[in-house]
Structure formats: structure tokens, C-alpha cells
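Q: The sequence and its predicted three-dimensional model are supplied below.
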Amino acid sequence: MKTPAGNSDWAVALQGVRKTYGRDIRALAGVDVHVGRGEIFGLLGPNGAGKSTLVKIMMTVVRPDHLRGTVLGRPVGDRRTKQHVGYLPEAHRFPTYLTGSQLLSYYAALARVPRSDRRRRAAELLDRLGIARWSDTKIAKYSKGMLQRLGIAQALMNDPNLVVLDEPTDGLDPIGRRDVRELLLELKAHGTTVFLNSHLLSELELVCDRVAILVEGQVRREGRLSDLAAGSLEYRIVVSGELSAVKDRLGRFGASIQECEIRIPGQDLAKVNQIIDLLRADGLLIESVTPQRFSLEDIFVHAVAKSSPAAESSPTDAVAKSQEPA
């Protein structure tokens, strides 16, 4: 049964997290992250951005250079709080001589789950993760996907208020990833806060309420997906005919041309209609007018591109540039 842990509105509130390895390898450079209670929060970033370091600091596996913050309303590292947190580390390793059910019982005991609840909880989770028939099989015989499912199960043995999953779908096939997505949504409905660290943007986009994009040890963007995408809308008009005669006039509206397609950034419908009137007046046939909202991948690529001196000014440009041949 869940036990309230602290009174803060934030399940996770981290401020000014800094970490340097050695003398000059700066992993985190003053990171602020806030995760609301009962939401699914996604942490994403390119390789080497500091994602796993931040997760390990939050879970007290790695000591930070500087940190202010709370987990479930209490200071990071509070022993009582840890009983209400589930954690799946990246590239986890389990004792291969244990069976699946033995491993879950062991981790439940570490979290002080009553003995009477361990067997029931283990059976429920093994069944929910689709590996119930392997419960009495030694872990040495588990496939990579089965190990990942078992790892998620162990993170949930204490029925946590907060579950932190570092690359939870690593090694899973499409069906396995779908099962995990459904499980995460069930946890949210149950009131559990889920903190995800993943590089699979399409997976995060399907389940997350809010995300933070970490680049070079700093948070570039953070917020609800709808808010992050709010300023990332454009209209695309496809025409039949040559556009060279109206190119300069379209430029005055801030529109760009790619072959027979006109791209108009923003959400100004009046501007879109003015351009349509201009095209019709010039005798051009309009084939389609389509609003285009950028995906999480587009927003991510733009945030990463902004760290480069050659960064472009819009998500569209950044995505296009990333797809240019080397």
C-alpha cells in the first residue's frame, strides 16, 4: 500500500545539479528539473548529455558536486523515502543463480515489503510483464528482453510512489514496448509518478505528460509536450505551377519555397489566407493546405542543434539539416 511521503507538490524537485568527472569532464552544469506528482516525465538528450548521471545522482548512486532538491517531498537520499521509490538502472545485472521469483522477493525484502506480500506481489508482476511461466527458471536462462521485463518488475515490487526507469524498453521488441507503455499508463492511473530516461523519442511522445531535453549538461527545454509544440506550427501549401514569379512577394510574408511547396511558419490564419489570395490572383492551382505540428523528435533535434554555432533558426531547418548527406 502506498504511503504519502512529504507534502511537496513535486515528486522530484532538483535545483542546480552539478557534476564534473575528473578535472574537466563536465557532466552536469546546473540542472533544474521538476516532476509533478502522478505524471509521466521523460528525460531525453543525446549520448553524453548527462541523463544517466542525473538519474544516478537522484538515486544517490553518484555523488554530485552540488545539489539542492527533494524526492517525494524529502531531501534527496532520505532513507524513509527510498522505501517508496522503485528504480531500474540502465544495463542492470542480476545474480544469474536466482530464479525470477527469488530475485523479486529479494528486492522486495530490501525495500522492507512484508514477507506475506512478497509472493503475491511477485506473482502479479511476473504475470503482468508476461514472464509468469519463467518464474521458477534461473535468470541465467533469460533472454535480454525477459531480463528487461524482470527488471521493470523488481522496480515495482514495493508498489512505489515514484518509479525511476532508465531505458526501460532497451532490448524489447515492438510488442514488449507496447506492453511497457500500457503498464506505464496503468501506473499513472494508479497515482504513481513515473520518471523515464530514454532515447526512444517515439516511445516518450506516446506516454509522457512533460519532458526535459538535456544537452551538454544543461536543460534546453522543459514542459508539457503541447506547450513545447505550441510555437512549432507551420502551414504548408502545395501548388501546381511555377512559383518563381511570386517568390519575392511570398518572402515578404516570411514564407519559404521548396519546389512546389510553400511553408508559412506560425499560426496566423490571416497571413495564410493572404498568401492563398496572392496565389489565386497569379493563376496558380492550389492542391492542398496542411497545418504541420512538429513532433517531439523535431523539437529534440532543434534543441540539440541550438548548441552548435551553425544552428538554424527553426525546427524545420534543423531537421532538414540533420538529414543532409555527409
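A: Nice, thanks for sending it over.

Q: Least confident secondary structure element in the chain?
A: helix 315-322 (a mean of 39; mean pLDDT, DSSP states H and E).

Q: Which pLDDT value goes with the nearest residue to R63 once chain neighbours are set aside?
A: Nearest non-adjacent residue to R63, counting by C-beta to C-beta, 6 or more residues apart in numbering: I57, 7.6 Å away. All C-beta spots, glycine's among them, are computed from the backbone N, C-alpha and C. pLDDT, I57: 93.

Q: Likewise for P4?
A: So, for P4, pLDDT stands at 44.

Q: which residues of the stretch 201-326 of the chain score low on pLDDT?
A: Across the stretch 201-326 of the chain, the ranges flagged by pLDDT under 70 are 226, 229-232, 293-298, 303, 306-326.

Q: Which helix or which strand is home to L28?
A: According to DSSP states H and E, L28 maps onto strand 25-36.

Q: Dump that strand to CSV, restricted to CA.
A: Extracted C-alpha coordinates of strand 25-36, given in CSV (Å, rounded to 0.1, in the frame of the first residue of the first chain):
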residue,chain,number,x,y,z
ILE,A,25,34.7,16.3,-17.8
ARG,A,26,31.6,18.3,-17.0
ALA,A,27,28.6,16.0,-17.0
LEU,A,28,26.0,18.4,-15.4
ALA,A,29,26.2,22.2,-15.3
GLY,A,30,23.5,23.4,-13.1
VAL,A,31,20.5,21.3,-14.0
ASP,A,32,17.0,22.1,-12.7
VAL,A,33,14.2,19.5,-13.1
HIS,A,34,10.7,19.4,-11.6
VAL,A,35,8.4,16.4,-11.9
GLY,A,36,4.8,16.7,-10.8
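
Q: Tell me the strands beside the following helix or strand past it, with direction?
A: Next helix or strand after strand 25-36 toward the C-terminus (DSSP H and E): strand 40-44. With DSSP bridges as the test, strand 40-44 is paired with strand 193-197 (parallel), strand 210-215 (parallel).

Q: Run the chain-centre distance for strand 40-44.
A: The chain centre lies 3 Å from the centre of strand 40-44; the measure is C-alpha atoms, centre = their mean, to the nearest Å.

Q: residues of it that come out buried?
A: Counting neighbours by 16 or more other C-beta atoms under 10 Å, one finds that the buried residues in strand 40-44 are 40-44.

Q: got the angle between the helix or strand following it and strand 193-197?
A: Once the chain leaves strand 40-44, the next helix or strand it forms, by DSSP H and E, is helix 51-58. On the basis of axes from the mean of the first three to the mean of the last three C-alpha atoms, to 10 degrees, helix 51-58 is oriented at 140 degrees to strand 193-197.

Q: what about helix 51-58, distance to the chain center?
A: That offset, for helix 51-58, works out to 14 Å (C-alpha atoms, centre = their mean).

Q: And for stretch 81-90?
A: The chain centre lies 18 Å from the centre of stretch 81-90; the measure is C-alpha atoms, centre = their mean.
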